[in-house]
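In: Give me coordinates for this.
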Amino acid sequence: MNKFNLDEFIAGEGVDLKIPDKNFVRKSNWYKLLNSKKNTKYLDHGIFPNTLKNQIDFFENSKKEGRIVLIIFDKKNNFVGVISLSSINYEKSSAEIALILNQDKKVGYVARNFLSALESIALMTEHAFENLGLIRISAGQSIKLNKWQNLMELTGYKLEGINKKKFVKGSVYEDVMMISCSKDDYLFLKKKRGSLWDSSNKMLNRIKNLPKENALSKIQNTFNKINNNYYKKIFSL
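Out: I've put the predicted structure just below:
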């Protein structure tokens, strides 16, 4: 893939978040990410083909709508993926975060790609709290991404609940995890580490020490007990 000389917006340890321009939109394979079954397996995208024109329109509308879209590059200037903040609401001091990783083209080891994605989440989260003055960042994702959610928890994203059968794609119906990071939790982690992302080595060590039972399992067990006991009684009245 061609190298692109994009302006750097946020510099990280293993990745840089850069500002897309028209040249990148037109000459990169950005729009093709959303035509990949592997990349869009857990996204609403992929039902209709994404075209270069669609991507150009998205790029232009993002600027008008105030959405922050940044391109993730590794330190060798390889295109790793895209991260965004949307639905930015200054009255409620909130926004939604989203990321898509380029899984078709492996840059190094797969594990390293996901570490790049995790650092990108940390960098964008820090920007949202420190520079935009937000107090809450939220997202929703399929419960099939529970391992990724477990990693995101290391950057402050807690599981808030489960929306039953919210993700619908063709004949697939899946539950969706609703997650968020609060400014209070961000500040706690920042005070403890110095910054949300202190180093790849420290983050890898935290990943190794994650609890065997994650939050999703605990919440699912709790919901099952409530449904089998409390709601069963309520519905029998």
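In: drop to CA atoms for contacts and neighbour counts, all remaining ones
Out: Noted.
In: Alpha carbons of stretch 117-135, as CSV, please.
Out: The C-alpha trace of stretch 117-135 is given here as CSV (Å, rounded to 0.1, in the frame of the first residue of the first chain):
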residue,chain,number,x,y,z
ALA,A,117,-6.3,-0.9,18.6
LEU,A,118,-6.3,-0.8,22.4
GLU,A,119,-3.7,2.0,22.4
SER,A,120,-5.9,3.9,19.9
ILE,A,121,-8.9,3.6,22.2
ALA,A,122,-6.8,5.0,25.1
LEU,A,123,-5.4,7.9,23.0
MET,A,124,-8.9,8.9,21.7
THR,A,125,-10.4,8.5,25.2
GLU,A,126,-7.7,10.8,26.7
HIS,A,127,-8.3,13.4,24.0
ALA,A,128,-12.1,13.3,24.6
PHE,A,129,-11.7,13.9,28.4
GLU,A,130,-8.8,16.2,28.4
ASN,A,131,-9.5,18.4,25.3
LEU,A,132,-13.2,18.1,24.6
GLY,A,133,-14.2,18.3,28.2
LEU,A,134,-16.5,15.2,28.1
ILE,A,135,-17.5,13.3,31.1
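In: residues making contact with stretch 10-19?
Out: Contact with stretch 10-19 is made by 6-9, 69-75, 116, 119-120, 123, 199-200, as judged by Cα atoms under 8 Å, 6 or more residues apart in numbering.
In: how far does the helix-or-strand element of the chain with minimal mean pLDDT sit from the chain's center?
Out: None of the helices or strands of the chain scores lower by mean pLDDT, DSSP states H and E than helix 37-40, at a mean of 86. Offset of helix 37-40 from its chain centre (Cα atoms, centre = their mean, to the nearest Å): 15 Å.
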